[in-house]
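A.B. asks: sequence isn't available, so here's the structure alone:
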């Protein structure tokens, strides 16, 4: 009976670890996920690898982590290590001490995972796992583990939690868990535009931010989400200069004309270096106040504390009206190499902006330029324009900006996103790394004008958005099977419907910050000073109730201790010696003895934390 129960517990813990690794697949490394699944299967097959295998595996994982992360120590590294340690421990579970370590280790692991994975699916997994683990822990101790008992403990926590959530000012997290930068070789937003060493890009559907607005009636081609400007170039790659790193100068609230401005609420899903906003951004609003965008440059976030929720106001239009100083004007004309400058002037004769753009577009068409996420290595402007003639958005934006500078215009790149998937159930756009995009801006007639050369080469990328474009490119073979299309559409609808609840749930949690709490108090006309005067009273009351509960529990415990002592003394008189190191150890000593003794022993276990049948137990023990 004991072995069967232990095996059932092992199965449950293996399932929890495997589901955990799948839910955290974006945070855990691939070797960690594979290791968890393989070890989980070994548990189900009843195979217990030897010590040598476990040591070699642990060393191998350490080497993998070293090459993956180097000397970097951050929460993601810690989560991978903790996951691997728990799986190895599950394989070598032998004694009671190992079982306790597994129990508390998995509790810590799934609690840590909640910092990385924010979805209702994980909330459900978290709650179910806790219930299963605690229930098994109680059963292994020989105690009753009924749902109503655990629910009573939960009811103790609800009142104080609700009070603290609504009325106690929220503290900002001292560090950000999830990172926003894409891996090398993945599609994704980066402030700099380095393209010399990129041979190919793979799809990356990791969500970056969500945006809701009052009138979301935009086509994909209008959703240019501005990140930052990139003004400095080495002749092909582009780097953020001091001009591109404006810091918000927060001022008191200002009233914004809702007729001329589009209001957006942005929720970042990972830490980012810049604030994102739909073109053309004019105002940024955070809990610190409002700040005006200057020069079209993006606002850089603090390296110490990223703001994950903010609001933005944007003007409708295609051109940016800003002033330009002399230093910026000179910088935005530099960077074209002498040889390439000569080639540009020989091949493009027009000087007026619209005519020049038409000439460049005609050249791309004549020379049969194409769009690809796997163009191979394109290490220079000359290589791209004269030899390769294939690339993605950053190649074309860089080439166009250099052509404009060679022809005497001030030009720069903008790194951000284009597109986004609209969730009609939740009323928000979700922007993923696949939507990352770069385009060109040119200074003409006292304003910045956006020109996107990708529209000339791959208009479908502009029209349907990056996420849809990448999915379509990677699933042509599947999409060619006509009978699958209705099922794929239904799956996407179901996914969107589920996603809205994640959005609503976490919006509710995150909006109850300091400003949200203040609005709540004002709505129900609750005096904040009254709340803070009631807080000590509530804490004292809760402490008193909990103290009474502990005293009652201690009284019951003292009675039980006396009964255990009397039970042990009477067994000793009968020549039966037991050591109270573990319940299972006592059970083994008493196995096969007098059934009446086993009955008393089971009653003692059942009533260890209850005084309901103490008197009956006293009578039974006296009869020994």
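C.D. replies: That came through, no problem. The structure presented is a predicted model; accordingly, all values stated were derived computationally and were not measured.
A.B. asks: quick check: residue 406 vs residue 348, distance?
C.D. replies: Using C-beta to C-beta, to the nearest Å, one gets 8 Å for the distance from residue 406 to residue 348. C-beta: built from backbone N, CA, C; applies to glycine.
A.B. asks: should've said residue 160
C.D. replies: 71 Å.
A.B. asks: which of the two has more residues huddled nearby?
C.D. replies: residue 348 (18 against 13; other C-beta atoms under 10 Å).
A.B. asks: how many neighbouring residues does the residue nearest to residue 209 when sequence neighbours are not counted have?
C.D. replies: Setting aside the residues directly before and after it, residue 209 is nearest to residue 268 in space (C-beta to C-beta, 6 or more residues apart in numbering), at 4.8 Å. Per other C-beta under 10 Å, the neighbour tally for residue 268 reads 21.
A.B. asks: distance check, residue 268 against residue 599.
C.D. replies: Distance from residue 268 to residue 599, by C-beta to C-beta: 62 Å.
A.B. asks: cool, residue 153 as well?
C.D. replies: 29 Å.
A.B. asks: hmm, back to that, quick one, what contacts the residue nearest to residue 209?
C.D. replies: 180, 208, 209, 276, 306, 307, 308, 309 (C-beta atoms under 8 Å, 6 or more residues apart in numbering).
A.B. asks: then residue 381?
C.D. replies: So residue 381 contacts 235, 236, 337, 340, 398, 399, 402 (C-beta under 8 Å, 6+ apart).
A.B. asks: try 6 Å this time
C.D. replies: Residue 381 is in contact with 236, 340, 402, counting by C-beta atoms under 6 Å, 6 or more residues apart in numbering.
A.B. asks: so how far is residue 443 from it?
C.D. replies: 21 Å.
A.B. asks: so residue 311 sits in a helix?
C.D. replies: No: counting by DSSP: H, G, I helix; E, B strand; the rest coil, residue 311 is located in no helix; its state is strand.
A.B. asks: what's the closest non-adjacent residue to it?
C.D. replies: Of all residues not flanking residue 311 in the chain, residue 285 sits nearest, at 4.1 Å (C-beta to C-beta, 6+ apart).
A.B. asks: and residue 312, by the same measure?
C.D. replies: Counting by C-beta to C-beta, 6+ apart, the residue nearest residue 312 is residue 277, at 4.0 Å.
A.B. asks: ok, what's across the strand from that neighbour?
C.D. replies: On the basis of DSSP bridges, residue 277 is bridged to residue 226.
A.B. asks: what of residue 212?
C.D. replies: residue 265.
A.B. asks: so what's the residue count around it?
C.D. replies: 17.
A.B. asks: next up, the contacts around it.
C.D. replies: 265, 427, 428.
A.B. asks: quick one: the residue nearest to residue 311 is in a strand?
C.D. replies: Yes: the assignment for residue 285 (three-state DSSP) places it in a strand.
A.B. asks: can you tell me how far the residue nearest to residue 312 is from residue 208?
C.D. replies: 13 Å.
A.B. asks: same question, residue 189
C.D. replies: For residue 189, the distance to residue 208 - C-beta to C-beta - is 7 Å.
A.B. asks: what of residue 77?
C.D. replies: 22 Å.
A.B. asks: so for those two, which residue has more residues nearby?
C.D. replies: Neighbour tally, residue 77 and residue 208, criterion other C-beta under 10 Å: the higher count belongs to residue 208, 25 against 16.
A.B. asks: what is the three-state secondary structure of that one?
C.D. replies: Residue 208 ends up strand, using three-state DSSP.
A.B. asks: can you give me the strands for the stretch 401-550 of the chain?
C.D. replies: 411-418, 421-423, 428-432, 436-444, 447-451 (DSSP state E, counting those that start in this stretch).
A.B. asks: which one's the longest helix in this protein?
C.D. replies: Longest helix in the chain, counting residues (DSSP state H): helix 528-573.
A.B. asks: elements contacting the helix or strand that comes right after it?
C.D. replies: With elements assigned by DSSP states H and E, the helix or strand that comes after helix 528-573 is helix 583-590. If contacts are counted by 3 or more C-beta pairs under 6 Å, 6 or more residues apart in numbering; DSSP states H and E, helix 583-590 sits against helix 595-606.
A.B. asks: against residue 83, how distant is residue 28?
C.D. replies: Residue 28 sits 6 Å away from residue 83, taking C-beta to C-beta as the criterion.
A.B. asks: which one of the two has more residues nearby?
C.D. replies: residue 83 (27 against 23).
A.B. asks: so residue 190, which of the three states?
C.D. replies: Secondary structure, three-state DSSP: residue 190 is coil.
A.B. asks: ramachandran coordinates for residue 452?
C.D. replies: Dihedral angles phi and psi of residue 452 (degrees, to the nearest 10) take the values phi -110, psi 100.
A.B. asks: what sits against the closest residue to it other than its chain neighbours?
C.D. replies: Among residues not flanking residue 452 along the chain, residue 439 sits closest, at 4.3 Å (C-beta to C-beta, 6+ apart). Listed by C-beta under 6 Å, 6+ apart, the contact partners of residue 439 are 397, 414, 452.
A.B. asks: from the residues you listed, which is closest to residue 109?
C.D. replies: Closest approach between the contacts of residue 439 and residue 109, by C-beta to C-beta: residue 414, at 41.4 Å.
A.B. asks: run a quick neighbour tally on that closest one.
C.D. replies: 27.
A.B. asks: which strand residues bridge it?
C.D. replies: Applying DSSP bridges, one finds that residue 414 bridges with residue 229, residue 439.
A.B. asks: who's in contact with stretch 223-238?
C.D. replies: Contacts for stretch 223-238 (C-beta under 6 Å, 6+ apart): 189, 191, 193-194, 196, 239-241, 243-244, 274, 276-279, 281, 297-298, 331, 335, 337, 380-381, 412-420.
A.B. asks: report the buried members of the residues you listed.
C.D. replies: The neighbour-count test (16 or more other C-beta atoms under 10 Å) applied to the contacts of stretch 223-238 identifies 189, 191, 193, 240-241, 243-244, 274, 276-279, 281, 297-298, 331, 335, 337, 380-381, 412-420 as buried.
A.B. asks: the stretch 151-300 of the chain: strands as residue ranges?
C.D. replies: Using DSSP E, counting those that start in this stretch, strands in the stretch 151-300 of the chain cover 207-213, 224-230, 232-233, 238-239, 261-268, 277-278, 281-286, 289-292.
A.B. asks: can you put the ones you listed in CSV and add mean pLDDT and distance to residue 168?
C.D. replies: Formatted as CSV, the strands of the stretch 151-300 of the chain follow (pLDDT from 0 to 100; distance: least, C-beta to C-beta, whole Å):
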stretch, mean pLDDT, distance to residue 168
strand 207-213, 92, 26
strand 224-230, 93, 35
strand 232-233, 93, 46
strand 238-239, 94, 44
strand 261-268, 91, 22
strand 277-278, 92, 32
strand 281-286, 89, 21
strand 289-292, 87, 23
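A.B. asks: of all those, which one is nearest residue 467?
C.D. replies: It's strand 207-213; of those, that one is closest to residue 467 (C-beta to C-beta) at 9.6 Å.
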